[in-house]
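Q: Fold the following, please.
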Amino acid sequence: MAMVEANGVTLNVVRLPPRQARAGEGPAPVVVFLHGAFIDSLASFYFTLGPAFAAQGCEVVMYDLRGHGRSERPPSGYTVQDFGEDLRALLNRLGVTRPVHLVGNSFGGTVALDYALRWPGRTASVLVIESGPATAQWASTMREALRATAGDQLDAGSLSRFVRMYGAVSSTLSGARHEARIERLGRSAGRLIGATTIREDITAGRPVTEEEIRSVDCPVLLVNGSHGLVGRQSRWLASVLPRARIAEVAGMKHSVLVEAPDAVGRLALDWVKEHA
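A: Next up, the predicted model:
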């Protein structure tokens, strides 16, 4: 792990070098993983897809988004655009000049699509897991969810309801141990919300228009759980994006990455190999 200053924020970064050469295939593709908001960190990729990509000859970059994990937690600056600027600055600091493949889970996918829109020449492909762009509808849905679940009282119970609403509850697991995990995630979200303006900022950026979405010309793969949150949005997005495909993992909800990492990993590795 390394602490890297980017865009005025110190970010916790993990880089995994390729563990095997790609004979005759040119330089190793750079794959950047972006985790979700409020209750997530780079660990969700470190213990799932990251090592598998390095083992298959990719250069892997994972980092904690600002305010999350071990990264610095500034009091403000949490719009989608702020996170996109962090990514651009981080890649500059790491000396990554070639176009990168972005893999984003939930809110991380929203950041990945924002990056592809604003820096198309630096984006080789995008894979988003249960995610979509920061449209006006996305902002409205996020704002209402935060208002309905957290309100003005940042208690553990209301934040645990937020966790449940966004599908962090396992599709397959139950019982006291799992409920305890949900409570821990709720408390973690509460600390972030209580110490920063993320609840207000995250939906305050300028919404992405349909015309802008149509301008994203890199390949995009939309990976969803068959019982997830974004199926309708993904179908619309696939009809708008010029080079998009949809892949579903049967029986999974929004938390498909942590519940079905092998299935998601196969989809993601095949995708990057196709577009490397």
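Q: Which stretches in the stretch 101-250 of the chain count as strands?
A: With DSSP state E, counting those that start in this stretch, the ranges of strands along the stretch 101-250 of the chain come out as 123-129, 220-225, 244-249.
Q: CSV for those, including distance to A37 and mean pLDDT?
A: Every C-beta, even on glycine, is put in place using the N, C-alpha and C of the backbone. Output for the strands of the stretch 101-250 of the chain, formatted as CSV (distance: least, Cβ to Cβ, whole Å; pLDDT from 0 to 100):
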stretch, distance to A37, mean pLDDT
strand 123-129, 13, 98
strand 220-225, 18, 97
strand 244-249, 21, 97
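Q: JSON lines for those strands, including distance to G109 and mean neighbour count?
A: Output for the strands of the stretch 101-250 of the chain, formatted as JSON lines (distance: least, Cβ to Cβ, whole Å; neighbours: other Cβ atoms under 10 Å):
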{"stretch": "strand 123-129", "distance to G109": "3", "mean neighbour count": "26"}
{"stretch": "strand 220-225", "distance to G109": "9", "mean neighbour count": "26"}
{"stretch": "strand 244-249", "distance to G109": "13", "mean neighbour count": "18"}
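Q: Format those as a markdown table; extra columns: distance to P27.
A: Formatted as a markdown table, the strands of the stretch 101-250 of the chain follow (distance: least, Cβ to Cβ, whole Å):
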| stretch | distance to P27 |
| --- | --- |
| strand 123-129 | 12 |
| strand 220-225 | 22 |
| strand 244-249 | 25 |
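Q: Could you list the buried residues of stretch 266-276?
A: L267, A268, L269, W271, V272, H275, A276 (16 or more other Cβ atoms under 10 Å).
Q: mind checking how far K253 is from R73?
A: 29 Å (Cβ to Cβ, to the nearest Å).
Q: if we can go back for a sec, return the subset of the buried residues of stretch 266-276 lying in helices.
A: If you go by DSSP state H, these have L267, A268, L269, W271, V272, H275 in helices.
Q: The nearest residue to the fifth one once chain neighbours are set aside: what's it in contact with?
A: Spelled out, that is V272. Leaving aside its chain neighbours, V272 sits nearest to H101 (5.0 Å; criterion: Cβ to Cβ, 6 or more residues apart in numbering). The neighbourhood of H101, defined by Cβ atoms under 8 Å, 6 or more residues apart in numbering, consists of P29, V30, V31, V32, C58, A124, S125, V126, L127, V272, H275, A276.
Q: Give me the below-cutoff pLDDT ranges for the stretch 1-150 of the chain.
A: 21-25, 148-150 (pLDDT under 70).
Q: Once you drop chain neighbours, what's closest to the residue most central in space within the chain?
A: Per Cα atoms, centre = their mean, the C-alpha nearest to the average position across the chain is that of G108, at 1.8 Å. Computed as Cβ to Cβ, 6+ apart, the closest residue to G108 that is not its neighbour in sequence is L34, at 3.2 Å.
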